[in-house]
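Engineer: using only what follows, build the 3D model:
(2 chains)
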2 protein chains.
Amino acid sequence: MTEDGLLCPPINQVAGHSATGGNIGPLVDKAGRFYKPLQNNQRGQNEVEFYKKFWADQTIPPIVQDLFPRFYGTTSVQTSDETGMCEYAVIEDLTYHFPHPSVIDIKMGSRTWYPGATDEYIKKCLDKDRETTSALLGFRISGLQVYETATKTTWKPDKKWCKELSTEGVRLALKRFVSTNPFSETDPDGSLASIINGDPGGVLSQLLDLKAWFEEQTCFHFSSASVLLIYEGDSTSITEDAHRSGVSVKLIDFAHVIDGQNIIDHNFLGGLCSLIKVISQIMADLGMKLPKESLLTT
Amino acid sequence: MTEDGLLCPPINQVAGHSATGGNIGPLVDKAGRFYKPLQNNQRGQNEVEFYKKFWADQTIPPIVQDLFPRFYGTTSVQTSDETGMCEYAVIEDLTYHFPHPSVIDIKMGSRTWYPGATDEYIKKCLDKDRETTSALLGFRISGLQVYETATKTTWKPDKKWCKELSTEGVRLALKRFVSTNPFSETDPDGSLASIINGDPGGVLSQLLDLKAWFEEQTCFHFSSASVLLIYEGDSTSITEDAHRSGVSVKLIDFAHVIDGQNIIDHNFLGGLCSLIKVISQIMADLGMKLPKESLLTT
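Structural biologist: Numbering: from 1, shown residues only, chains lettered A, B, ... in the order given. Below is the predicted model:
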């Protein structure tokens, strides 16, 4: 148990496993930590091993470390339904500093399987990659929530809605993510794109830092990992903490990270280049300037 | 028929279809043109359409045009076995200026199928991508020949040899491609890597130009296309023409190019980044400097 007392289900999770259908779900404490249940089938252990290896690697520059959640080890917690103790990985609660976070979970790569996996697993992933935008776009949206300041409400479509998005639907969702009227299905204003995506330290600049690292690093291949984009959605209640945090770009979900074998992760990198391009196209369509480093025109 | 008289089978082709097993193969003339038979099943027509669209596109910069074969239209040729007339696409003979070309054909992309293809076609491609290095490395070697000046002979392994290469085998083959002793299975010297790969105008610099274009262009998706690297293998007989040509980097095989739908070709781009990295690693292992723009370290 932790010294911080109560653990609650996270309210700002937009994708991934949750405590439904008899599954044990993730928890958060009041001190900024996220507890992710270790799945039985080796995946949880694989994720913990990744976190240990990543944070022990002295060669990874701080600018890249900032794009990953902090890792605080593992812990056992007594589950509330008295099924017993459950083992959790303890990582940074990425939405902790945001009173009303707008969050999008983007699963990266045109394929979510990896060479060496079983035929059955590959088929399952391949089918999903073809049914969603992964194969075509190089990424898919797994979940999102966008806070609307004017109405003090959050637009949070369900998993099925995300799964059925076309490539044009993904473009529109990424525009709604940076709109002050995210509920609008046909005419989101995209008016936050310039600040959220284009500012120094914004989404594009952080994604370009990530891209530069992926062009070099050959240690890790990130099958089925996601890029999480987070910003404070309530423009009237930006606390000092949230302001300091600014726009947060983080990689998550490392249950299927495998050894890079001295090869770059061309699957993640290709999807990342595509995501950068789509975000740049949204900005160009709105007549907004791109950051100088992006070099990307439409 | 052409005004240049005799058409012969090309002697420097290292991969792709040839006149065996009852197939009609490609031909070359004495004026630097390569005749590629139009395959019946729409593929040939698709390739011709690509060439027309590409060379009509005024927005493609000359530096990128130089990375593609010139296109001279289509023509009918009387086949020598008297099966009748055959339709050919007429393109640039890429090895024309090289007396003893060293050539490598690298099929790009971790997947050679494209979204929208039939299940049967996808399965066939997927199996090949998993059996070869495509899925792991993002590319595979389809064929190569390397001229050895000292013995005046050409090392030209067969298709089966290429198909069975491991990722380490691919690295070694790329090193043998820039060695003065390419026949050596265990200790190729790699002594040409600095000139062929590293020079301004060499392989890496041209691949980086190609990469910059692929980060921008959303018109074409190049499924199953190849990058061809060509240089004059006989150091003692470099003609003025061959010298002027230098190292040639060209894309070929456009039978499966599809419309980009405003999305970058992340599959080709990912494989290209991986190829750039592998070539950079070979040079770094040999203690050779990388071109400044590559930014790639191992």
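
Engineer: ok, and what's touching stretch A:247-255?
Structural biologist: With contacts defined as C-beta atoms under 8 Å, 6 or more residues apart in numbering or on different chains, stretch A:247-255 is touched by A:16, A:39, A:43-44, A:46-47, A:50-51, A:67-69, A:94, A:98, A:105, A:107, A:196, A:199, A:201-203, A:206-207, A:210, A:222, A:224-231. All C-beta atoms are positioned from the backbone trio N, CA, C, and that covers glycine.

Engineer: can you get me the start-to-end distance on it?
Structural biologist: 25 Å (C-alpha to C-alpha, to the nearest Å).

Engineer: now do the buried residues in the lengthiest helix in chain A.
Structural biologist: Longest helix in chain A, counting residues (DSSP state H): helix A:266-285. Neighbour-count burial for helix A:266-285, with 16 or more other C-beta atoms under 10 Å in any protein chain shown as criterion, is recorded at A:266-283.

Engineer: near chain B, from those?
Structural biologist: Contacts with chain B within the buried residues of helix A:266-285, counted by C-beta under 8 Å from any C-beta of the partner chain: A:266-267, A:269-271, A:273-274, A:277-278, A:281.

Engineer: make CSV out of those and add pLDDT and distance to residue B:12.
Structural biologist: Shown next, in CSV, are these (pLDDT from 0 to 100; distance: C-beta to C-beta, whole Å):
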residue, pLDDT, distance to residue B:12
A:266, 98, 29
A:267, 98, 33
A:269, 98, 33
A:270, 98, 32
A:271, 98, 37
A:273, 98, 34
A:274, 98, 36
A:277, 98, 37
A:278, 98, 41
A:281, 97, 41
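
Engineer: centroid residue for chain A?
Structural biologist: Closest residue to the average C-alpha location of chain A: residue A:228 at 2.2 Å, with C-alpha atoms, centre = their mean.

Engineer: and residue A:78, its phi and psi?
Structural biologist: Residue A:78 adopts backbone torsions of phi -70, psi 120, taken as degrees, to the nearest 10.

Engineer: typo on my end, residue A:148
Structural biologist: Residue torsions, per degrees, to the nearest 10, at residue A:148 are phi -110, psi 110.

Engineer: separation between it and residue B:107?
Structural biologist: 49 Å (C-beta to C-beta, to the nearest Å).

Engineer: contacting residues for the residue lying closest to residue A:14 once chain neighbours are set aside?
Structural biologist: Nearest residue to residue A:14 in three dimensions, chain neighbours excluded: residue A:143, at 3.4 Å (C-beta to C-beta, 6 or more residues apart in numbering or on different chains). With contact taken as C-beta under 8 Å, 6+ apart, residue A:143 is in contact with A:13-16, A:103-105, A:159, A:162.

Engineer: what is the neighbour count of residue A:29?
Structural biologist: The number of residues packed near residue A:29 is 18, by other C-beta atoms under 10 Å in any protein chain shown.

Engineer: does it really touch residue A:10, like I thought?
Structural biologist: No - judged on C-beta atoms under 8 Å, residue A:29 makes no contact with residue A:10 at a distance of 10.3 Å.

Engineer: so for those two, which residues contact both of them?
Structural biologist: What both residue A:29 and residue A:10 touch, as defined by C-beta under 8 Å, 6+ apart, is the set residue A:93.

Engineer: where does the stretch 151-298 of chain A dip in pLDDT?
Structural biologist: A:237-245, A:292-298 (pLDDT under 70).

Engineer: any low-confidence regions in the stretch 1-150 of chain A?
Structural biologist: A:1-5, A:20-22, A:39, A:41, A:80-83.

Engineer: try 50 this time
Structural biologist: A:1-2 (pLDDT under 50).

Engineer: for chain B, what are the nearby residues on it?
Structural biologist: Counting by C-beta under 8 Å from any C-beta, the residues of the stretch 1-150 of chain A near chain B are A:110-111, A:115, A:126, A:130, A:135-138.

Engineer: return the subset of the residues you listed lying in strands.
Structural biologist: Members of those lying in strands (criterion: DSSP state E): none.

Engineer: can I get those residues in CSV including distance to residue B:154 and neighbour count?
Structural biologist: Shown next, in CSV, are the residues of the stretch 1-150 of chain A next to chain B (distance: C-beta to C-beta, whole Å; neighbours: other C-beta atoms under 10 Å in any protein chain shown):
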residue, distance to residue B:154, neighbour count
A:110, 37, 26
A:111, 37, 26
A:115, 33, 20
A:126, 40, 19
A:130, 42, 18
A:135, 40, 23
A:136, 42, 22
A:137, 43, 26
A:138, 39, 29
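
Engineer: nearest to residue A:258 among those residues?
Structural biologist: residue A:115 (8.8 Å; C-beta to C-beta).

Engineer: would you confirm that that closest one contacts residue B:133?
Structural biologist: No - using C-beta under 8 Å as the test, residue A:115 is too far from residue B:133 to be in contact (9.3 Å).

Engineer: list the contacts of the closest residue to chain B within the stretch 1-150 of chain A.
Structural biologist: Of all residues in the stretch 1-150 of chain A, residue A:138 sits closest to chain B, at 3.8 Å by C-beta to the nearest C-beta. Shown in contact with residue A:138 (C-beta under 8 Å, 6+ apart): A:108-110, A:270-275, B:263-264, B:266-267.

Engineer: then residue A:189?
Structural biologist: For residue A:189, the contacting residues are A:179-181, by C-beta under 8 Å, 6+ apart.

Engineer: list buried residues within those.
Structural biologist: Judged by 16+ other C-beta under 10 Å, buried ones among these: A:179-181.

Engineer: list the ones among those that fall in strands.
Structural biologist: Per DSSP E, the subset of the buried ones among the contacts of residue A:189 in strands is empty.

Engineer: nearest to chain B among those residues?
Structural biologist: The closest of the buried ones among the contacts of residue A:189, once distances to chain B are taken by C-beta to the nearest C-beta, is residue A:179, at 20.4 Å.

Engineer: does the closest one touch residue A:186 like I think?
Structural biologist: No - counting by C-beta under 8 Å, residue A:179 stays clear of residue A:186, with 11.6 Å between them.

Engineer: count of neighbours near residue A:207?
Structural biologist: 22.

Engineer: residue numbers of the stretch 151-298 of chain A in contact with chain B?
Structural biologist: A:167, A:212, A:215-216, A:218, A:261-264, A:266-267, A:269-271, A:273-274, A:277-278, A:281, A:295-298.
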